[in-house]
Each structure stands twice: as structure tokens, then as C-alpha cells.
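J.: generate a structure from the sequence data that follows.
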Amino acid sequence: MLAAIATSQSATAPLSGLVLEDIPKPEPRPGWSTVRVVASSLNMHDLWTLRGVGHPPERLPIVLGCDAAGYDENGTPVLVHPVLADPDAGLGDETLDPNRALLSERHNGAFAEYLSVPTRNLIPKPDWLTFDEAACLPVAWGTAYRMLFTQAGLRAGDRVLVQGAGGGVASAAINLAVAAGAVVYATSRSEDKRREAESWGVRKAVATGERLPERVDVVVETVGEATWSHSLKSLRPGGTIVIAGATSGTNPPADLGRVFYLQQRILGSTGCTRGELVSLLKLMDATGLRPVIDRTLPLAEIHQGFQLMIDGRLTGKLVIHPQGEPS
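T.: Modelled structure (predicted):
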């Protein structure tokens, strides 16, 4: 079967380590299921692996791809919960299992024609969701759901700032917060992405670092150093920043005086539980919300997809079809 494999890592030329190869189809194993992958999607996690960030080189080569939707061995349409972990080891929350692993970290991922995962990680795909839409949800939308509802406890009427409109998690957070009845603000360096965010229901999208019309209850932060000061200054006393990434750097000035004096809360968030992914599907069914898809590409053109991500030219998700266009 054809697969996109990380064979080496480079901070300056990440795509030099991405190769397309024919590899054996996964062998059946007890407690696991084989999925025929119809659609997958790109995530920053894939790019970090190629850059050598958070992924030890001794775990190479490995098939990339954290998201998948397709058919199980019985022909049932499914989407894959990408966190491979033991909920009991995380006191009921698999994202807190110290030994958790995201798909493509220790186990071959979804940029392949077939994928093997624990059967527990399969969720029936609803009929109202296409395979392309389903493949956008587990990492980006699941992460955004946990950030907003589990960690920040979002309520209708809350004011929310989403930093870096256009990214997968950011675009999901904007749409979820709008659907939940929040007043949403967003930032982006790109005027086109600001206009796009406003078309999703954002009250006002501003240039990165620009002052907001009011302070917010919740900040969704995935950018890191470049926006951290703005996030703190935009937050009301007692408000919450939820951080699930730091694409521009991990060590900004903490500004601890502001944090303790204004009693601001800073919460980390990683991925989502299987139960949260199911709850996300219920919310989407109730509201009619669907993921934002920038474009689709065949697996053979995955290098082009990664280059678009590197260049910041995507708004929403890029979907990969390992077996050609879905029928």
C-alpha cells in the first residue's frame, strides 16, 4: 500500500524527510481493527515531526497522519479517535495517561491506504457527515472542543478571543464558539483570513496585536510567543487563557505580575477524549456546524499540501485522499 513516511528530520528543510513508499498492509492483531482510509487531513503535528520537534529520531521511519475516516473490516463507516491511551491510567481521562500517544507518534499514522488502531478508537461516522468532513475533526476540532467546553467552561454570551485565525484549531474554535452563542474576536496578520473569520460570525477580526473593543472572558491560544502578551492584555480580570500549542515559540515573557494581580487563569489542553469527540459530533448535529475545508489533494501530492501549510496559505483544513477521490 502507498504511504507517506517521515524518514528523517530537518528544522530548515522538513519536506526533505517526507517520502512516498509502498509498504505492507497492516497485519490483523487482537483488539485492533484495520481501517481502509478514505480521507485524512494535515495537522501541524505532522510538520513538527518532520522538523524534529517533540518526536525522537529513533522513532523513524514512521507513517505520518493523525486523522482518519474510512471503513472498518465490516464495511462500517468510521472516524478514528487519534489518542492511543488507557483512560484508567489518566483517572478516567485518556489525555492524562502519562504513556498516551497520538497516532503517528509511536504507531503508523493515517497517510496510507490502510491503518491499524485499537478497536476502542473507532467511532461510527454519522450519515450526515462526509468522509472529508469527518477526517477534519479528531485533532483540530477535538482539541478546540476540549479547550472551549471542558477547560474554559464556555457559556453563551462569553467573550472569546481566538489568536491566529485560519489555522485548523483556530478555525474550529471560532466556529464552535460562535455556534455556542459566544461573542468572538479573532486575530490574523492576513486581511483575507480576517475577512474569512468575519464570514464565520466573528464580531470583529483585527490585525495581530491590535487592541480589541473589549476585554474577553476566554482566549484560545495556539500561536505562542508572538501573541502571548496580547492574549494577557486582552483578558479580563479572572479570565482564562487556554493554550494548546505554540507555533511561534514556547518561552514568551510570563508577565507574572499581571497574572496574579488580575487573577488570570492559564490552562493547558492537549487533544480530546473519545467521549469529547462523541460530544462534538452531537453538537455539530444539533447546530448544523461543519468543518472548514480549504482543499483536497491525493496522497501523491502531499508534499504540495505541506508546502501550503508551511507558507501559511491554508484557511481551515487540507484533506488528503489516500485511495483517490471518495465515491
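J.: residue 184 belongs to a strand?
T.: Yes - according to DSSP: H, G, I helix; E, B strand; the rest coil, residue 184 belongs to a strand.
J.: hang on, isn't it packed against residue 177?
T.: Yes - between residue 184 and residue 177 there is a contact at 4.9 Å, judged by CB atoms under 8 Å. Bear in mind the C-beta positions are built from the backbone N, C-alpha and C, glycine included.
J.: who touches both of the two?
T.: 160, 162 (CB atoms under 8 Å, 6 or more residues apart in numbering).
J.: for the stretch 101-250 of the chain, which segments are assigned as helices?
T.: Under the criterion DSSP state H, counting those that start in this stretch, the stretch 101-250 of the chain carries helices at the ranges 131-136, 142-145, 168-179, 191-199, 225-234.
J.: got those helices as JSON lines, with mean pLDDT, mean neighbour count and distance to residue 270 columns?
T.: Compiled in JSON lines, the helices of the stretch 101-250 of the chain are given as follows (pLDDT from 0 to 100; neighbours: other CB atoms under 10 Å; distance: least, CB to CB, whole Å):
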{"stretch": "helix 131-136", "mean pLDDT": "98", "mean neighbour count": "26", "distance to residue 270": "19"}
{"stretch": "helix 142-145", "mean pLDDT": "98", "mean neighbour count": "26", "distance to residue 270": "8"}
{"stretch": "helix 168-179", "mean pLDDT": "95", "mean neighbour count": "27", "distance to residue 270": "11"}
{"stretch": "helix 191-199", "mean pLDDT": "95", "mean neighbour count": "17", "distance to residue 270": "24"}
{"stretch": "helix 225-234", "mean pLDDT": "96", "mean neighbour count": "19", "distance to residue 270": "18"}
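J.: just give the nearest non-adjacent residue to residue 303, would you?
T.: Distance criterion CB to CB, 6 or more residues apart in numbering; nearest residue to residue 303, sequence neighbours excluded, is residue 15 at 5.6 Å.
J.: returning to that earlier point: can the helices of the stretch 101-250 of the chain go into CSV with extra columns for distance to residue 109?
T.: Shown next, in CSV, are the helices of the stretch 101-250 of the chain (distance: least, CB to CB, whole Å):
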stretch, distance to residue 109
helix 131-136, 12
helix 142-145, 16
helix 168-179, 16
helix 191-199, 28
helix 225-234, 28
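J.: returning to what we had before: would you say the residue nearest to residue 303 is within a helix?
T.: Yes - judged by three-state DSSP, residue 15 forms part of a helix.
J.: please begin residue numbering at 6 from this point
T.: Will do, 6 is the new start, and the previous item becomes residue 20.
J.: count the neighbours of it for me.
T.: 15 (other CB atoms under 10 Å).
J.: check residue 265 too.
T.: Neighbour tally, residue 265, other CB under 10 Å: 9.
J.: do the same with residue 218
T.: 11.
J.: right, and it touches residue 209 too?
T.: Yes - using CB under 8 Å, residue 218 makes contact with residue 209 at a distance of 6.2 Å.
J.: give the residues shared as contacts by those two.
T.: residue 190.
J.: and this structure, what are its domains?
T.: 7-130+297-326, 147-273 (automatic domain parsing).
J.: now render the ones you listed as TSV, adding distance to residue 279.
T.: Formatted as TSV, those follow (distance: least, CB to CB, whole Å):
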stretch	distance to residue 279
domain 7-130+297-326	5
domain 147-273	9
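J.: so who does the residue minimising distance to the centre of the chain touch?
T.: Central residue of the chain (CA atoms, centre = their mean): residue 145, 2.1 Å from the mean position. The contact partners of residue 145, by CB under 8 Å, 6+ apart, come to 46, 48, 72, 173-174, 176-177, 296, 322.
J.: with residue 176 instead?
T.: By CB under 8 Å, 6+ apart, the neighbours of residue 176 are 145, 170, 202, 205, 296-297, 320-322.
J.: look up how far residue 145 lies from it.
T.: Counting by CB to CB, to the nearest Å, the separation of residue 176 from residue 145 is 8 Å.
J.: residue 306 too?
T.: Taken as CB to CB, the span from residue 306 to residue 145 is 21 Å.
J.: re the thing from before, among the helices of the stretch 106-255 of the chain, which comes closest to residue 61?
T.: Ranking these by proximity to residue 61 (CB to CB) places helix 147-150 first, at 22.5 Å.
J.: which residues of the stretch 206-332 of the chain score low on pLDDT?
T.: 332 (pLDDT under 70).
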